[in-house]
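Trainee: Sequence unavailable; structure follows:
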């Protein structure tokens, strides 16, 4: 677990911009914390770092998901993160007769680059989709497939605010970021 103390919004944005440079699809980032703790600010900074500072990033509170196409340079050895979903992008926890006999995907792949470790030769730029979810208004986990969460987790850079309802469905290697108030700023704890 990594713990970081952020004094203000500027430090939060700067941290998120550096963190964004470590992400390549598919990966899932779950943002935990009470209202006003900075979840949306972190998501906005990640998206603007990868898609451009002028990218408009509205909150997906009412739309549930916002998607962005960005040009992202990944390390040449990038193979994505292992994930628990079937071949059709359904989350591991959601089964049906059609996919109940299928094995989940848990490939052995290189780990995500450590924060601050920007390799001198990054791979070619590729168009990646960033899916930004806000699950605050979801009341039944069965709705997660309807809004495309399984497909996004298997294919995109996926940012999830209020991820608690999806806890049983997220890939085992989801990056969890916990935010709480700390001495007038924020304390951020990150686990993988």
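Mentor: That came in fine, so what should we check first? Computed from a predicted model, the values in this text were never measured in an experiment.

Trainee: all contacts plus neighbour counts: C-alpha atoms, from now on.
Mentor: Fine.

Trainee: Hmm, residue 2 is touching residue 190, no?
Mentor: Yes - using Cα atoms under 8 Å, residue 2 is in contact with residue 190, at 5.1 Å.

Trainee: the more surrounded of those two?
Mentor: Legend: neighbour count by other Cα atoms under 10 Å for residue 2 and residue 190, higher for residue 190 (16 against 9).

Trainee: Now that that one has come up, it's in contact with residue 175, right?
Mentor: Yes - assessed by Cα under 8 Å, residue 190 is found in contact with residue 175 at 6.9 Å.

Trainee: since we're on residue 186, how many residues are nearby?
Mentor: Residue 186: 21 neighbours (other Cα under 10 Å).

Trainee: wait, residue 182
Mentor: Number of residues near residue 182 (other Cα under 10 Å) recorded here: 12.

Trainee: repeat for residue 35
Mentor: Residue 35: 10 neighbours (other Cα under 10 Å).

Trainee: element containing it?
Mentor: Per DSSP states H and E, residue 35 falls between elements, in no helix or strand.

Trainee: what is the mean pLDDT for the helix or strand hosting residue 176?
Mentor: Per DSSP H and E: residue 176 is located in strand 175-182. For strand 175-182, mean pLDDT is 94.

Trainee: what are the ranges of the strands in this protein?
Mentor: 2-6, 27-32, 65-73, 125-134, 157-161, 175-182, 185-191 (DSSP state E).

Trainee: any idea of the pLDDT on the residue nearest in space to the middle of the chain?
Mentor: Nearest to the geometric centre of the chain sits residue 29, at 2.7 Å (Cα atoms, centre = their mean). pLDDT for residue 29: 97.
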